[in-house]
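S.K.: Predicted coordinates and the sequence they were generated for:
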Amino acid sequence: MSTIQNFNSIVDPFADTGDTENEPTNYIHIRIQQRNGRKTLTTVQGVPQEFDLKRILKVLKKDFACNGNIVKDEELGDVIQLQGDQRVKVSEFLVSKLQLPKKNIKIHGF
Amino acid sequence: MSDLGFDPSLKKKKKSKKTEEASLSPETESAVGSGNELDDMLVGLKKKKKSKKPVEEFGESEKSKSPEADDLSASLGELSLKKKKKKAAKNKDATDFEQMLEKAGVEETIAAPKEFQSSEAVQASLGLPYDRLLNRFFTILKQNNPELAGDRSGPKFRIPPPVCQREGSKKTLFANVQDIASVLQRSPEHLIQFLFAELGTSGSIDGEKRLVLRGKFQPKQMESVLRRYIIEYVTCKTCKSMNTILKRESANRLHFLSCNACGSTRSVSSIKTGFQAQIGRRKRA
Ligand SMILES: [Zn+2]
């Protein structure tokens, strides 16, 4: 109690973090891409490192009854790919099950 | 361009007129004379002509109905006049500051709120609720100065609905990108870049400057994407105006949105495509 936890970090909160424009990083982007015909693909980019993507994918695949996989991207990290338009469902999952703030989730596409 | 856009102006005008009549009728019923007075006070010098007309009409109709009502209204008018005088007298010996101001020659600007104050009491005594008066004020303001009433559906910023045609089975022709970009005062390249990133697709511009997108898209879907573009890259967050310009600061390579209406500036993020899944044939390593 004698020490305030928030002030313990050595990091200067006012330090320049470099390019703030390109590094909001905590955003989770959910996108949709059209494949041939009326088939679509949903990608989830930017899920925080502390989560086990493999386990999440397993649950998502079962819940949404779709196939999916994890793609490793050099710049953007691991990305979850799901078949079909699962954007709204994924967003709901991230908010309710992983307690991620809704304002950090950006749903793209039409 | 306005032909293409839906035109709410006609409908709106009709509506506002109706509401004005509706708001007028109860006042005239209660007191014709004072209603007339109030009208003058509320509307101000400029709009006297316009506002007087409907009231006079109402007054005439009242007369034809019953002469007794006329007498009543006259007496009511006197009543309100008396009250006004009282208030005015009160106001005169209000504060030194006001007197100073009056001396300084700001009588005109001060006279308006004074009248309003006195009219407030009159309103209360006659049972004219604030809501109705406020509605009246806004309908009149909308008729005469739509810009001030926050009505941005002026001819300049009416965005034509996106025109999408199918091109073959796999492509979509977005015919009026150029028009939409020019209405939004953005470069078509910027808008197209956003569309590509958001729809996760690619495309090209054909000979007639129309956009050819890979994939099938409905006009409705395009509209929702356009709406997001407008929120992010066109509207001013401070005053919600769409009269803005997007500038690129060469010093820090950031894009800034500056508002022509209120002058505020905010930075906008650059368009990022993000992760693009490999679709179709996989490239061979
Ligand atoms: Zn503004």
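M.R.: Happy to help now that I have it.

S.K.: Any residues of chain A in contact with chain B? List them.
M.R.: The interface of chain A toward chain B, taken as C-beta under 8 Å from any C-beta of the partner chain, is made up of A:21-22, A:24, A:29, A:31-36, A:38, A:41, A:43, A:45, A:71, A:73, A:76, A:79, A:81, A:108-110. From N, CA and C alone the C-beta is placed, and that goes for glycine too.

S.K.: repeat that for 10 Å
M.R.: A:19-22, A:24, A:27, A:29, A:31-46, A:71, A:73, A:75-81, A:106-110 (C-beta under 10 Å from any C-beta of the partner chain).

S.K.: my read is B:Q143 is in a strand, agree?
M.R.: No - B:Q143: not assigned to a strand; according to DSSP: H, G, I helix; E, B strand; the rest coil it is helix.

S.K.: So A:R31 belongs to a helix, correct?
M.R.: No - counting by three-state DSSP, A:R31 falls outside a helix, being strand.

S.K.: Do I have it right that it meets B:A197?
M.R.: Yes - counting by C-beta atoms under 10 Å, A:R31 touches B:A197, with 9.0 Å between them.

S.K.: coming back round to it: please flag which of the residues of chain A next to chain B sit within strands.
M.R.: A:29, A:31-34, A:40-45, A:71, A:73, A:77-81, A:106-107 (DSSP state E).

S.K.: Apply the buried test to those residues and list what passes.
M.R.: If you count burial by 16 or more other C-beta atoms under 10 Å in any protein chain shown, the buried members of those come out as A:29, A:31-34, A:40-45, A:77-81, A:106.

S.K.: Report how many residues lie close to A:K102.
M.R.: Using other C-beta atoms under 10 Å in any protein chain shown, A:K102 is surrounded by 9 other residues.

S.K.: Just read off the phi/psi values of the residue nearest to it when sequence neighbours are not counted.
M.R.: Excluding the flanking residues, the one nearest A:K102 by C-beta to C-beta, 6 or more residues apart in numbering or on different chains is A:V95, at 5.2 Å. With angles defined as degrees, to the nearest 10, A:V95 sits at phi -80, psi -50.

S.K.: Now for A:V95, how many residues are close by?
M.R.: A:V95 - counted by other C-beta under 10 Å - has 14 other residues nearby.

S.K.: Against B:M242, how distant is it?
M.R.: Per C-beta to C-beta, to the nearest Å, A:V95 is found 31 Å from B:M242.

S.K.: go on, A:G84?
M.R.: 36 Å.

S.K.: Next: B:F275.
M.R.: 31 Å.

S.K.: neighbour count winner among the two?
M.R.: B:F275 (22 against 19).

S.K.: pLDDT score assigned to the closest residue in space to the more buried one that isn't next to it in sequence?
M.R.: Excluding the flanking residues, the one nearest B:F275 by C-beta to C-beta, 6+ apart is A:Q45, at 4.5 Å. What the model reports for A:Q45 is a pLDDT of 91.

S.K.: Which positions are bridged to A:Q45 in the beta structure?
M.R.: Beta-bridge pairing for A:Q45 (DSSP bridges): A:H29, A:V79.

S.K.: contacting residues around it?
M.R.: A:27-31, A:71, A:73, A:76-81, A:106, A:108, B:274-275 (C-beta atoms under 10 Å, 6 or more residues apart in numbering or on different chains).

S.K.: Point out the residues in the stretch 151-285 of chain B that sit beside the ion.
M.R.: Residues of the stretch 151-285 of chain B lying near the ion by C-beta under 5 Å from the ion: B:236, B:238-239, B:241, B:259, B:261-262, B:264.

S.K.: Now restrict those to buried residues only.
M.R.: Buried among those by 16+ other C-beta under 10 Å: B:236, B:241, B:259.

S.K.: among those, which are in strands?
M.R.: Short answer: these in strands (DSSP E) are B:C259.

S.K.: Distance to B:I205 for the buried ones among the residues of the stretch 151-285 of chain B next to the ion - can I get that in JSON lines?
M.R.: Shown next, in JSON lines, are these (distance: C-beta to C-beta, whole Å):
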{"residue": "B:C236", "distance to B:I205": "29"}
{"residue": "B:S241", "distance to B:I205": "29"}
{"residue": "B:C259", "distance to B:I205": "30"}
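
S.K.: Quick one, which of the buried ones among the residues of the stretch 151-285 of chain B next to the ion has the minimum pLDDT?
M.R.: B:S241 (85).

S.K.: And for that one, nearest residue in space, chain neighbours not counted?
M.R.: B:A261 (3.7 Å).

S.K.: now swap in B:F217 and tell me
M.R.: Per C-beta to C-beta, 6+ apart, closest to B:F217 is B:T172, 4.6 Å.

S.K.: and that neighbour, what does it touch?
M.R.: Going by C-beta under 10 Å, 6+ apart, B:T172 touches A:34, B:164-166, B:199, B:201, B:203, B:211-219, B:221-222.

S.K.: That one looks like it's in a strand, true?
M.R.: Yes - counting by three-state DSSP, B:T172 is part of a strand.

S.K.: returning to what we had before: which one of the residues of the stretch 151-285 of chain B next to the ion sits closest to B:V183?
M.R.: Each of those was scored against B:V183 by C-beta to C-beta, and B:S241 proved nearest at 13.9 Å.

S.K.: how much space between that closest one and chain A?
M.R.: 24 Å (C-beta to the nearest C-beta, to the nearest Å).

S.K.: just to revisit the earlier point, for the residue nearest to A:K102, what are its contacts?
M.R.: Contacts of A:V95 (C-beta under 10 Å, 6+ apart): A:101-102, A:104-105.

S.K.: for B:N176, same thing?
M.R.: Counting by C-beta under 10 Å, 6+ apart, B:N176 has contacts B:1, B:4, B:159-164, B:182-183, B:209-211.

S.K.: Which of those residues are buried, as a ChimeraX select command?
M.R.: Typed into ChimeraX, the line below selects the buried ones among those, using 16+ other C-beta under 10 Å:
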select /B:159,162,163,164,183,210,211
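
S.K.: Please render the contacts of B:N176 as CSV that adds secondary structure to the earlier fields.
M.R.: Output for those, formatted as CSV (three-state DSSP):
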residue, secondary structure
B:M1, coil
B:L4, coil
B:I159, coil
B:P160, coil
B:P161, coil
B:P162, coil
B:V163, coil
B:C164, strand
B:S182, helix
B:V183, helix
B:K209, coil
B:R210, coil
B:L211, strand
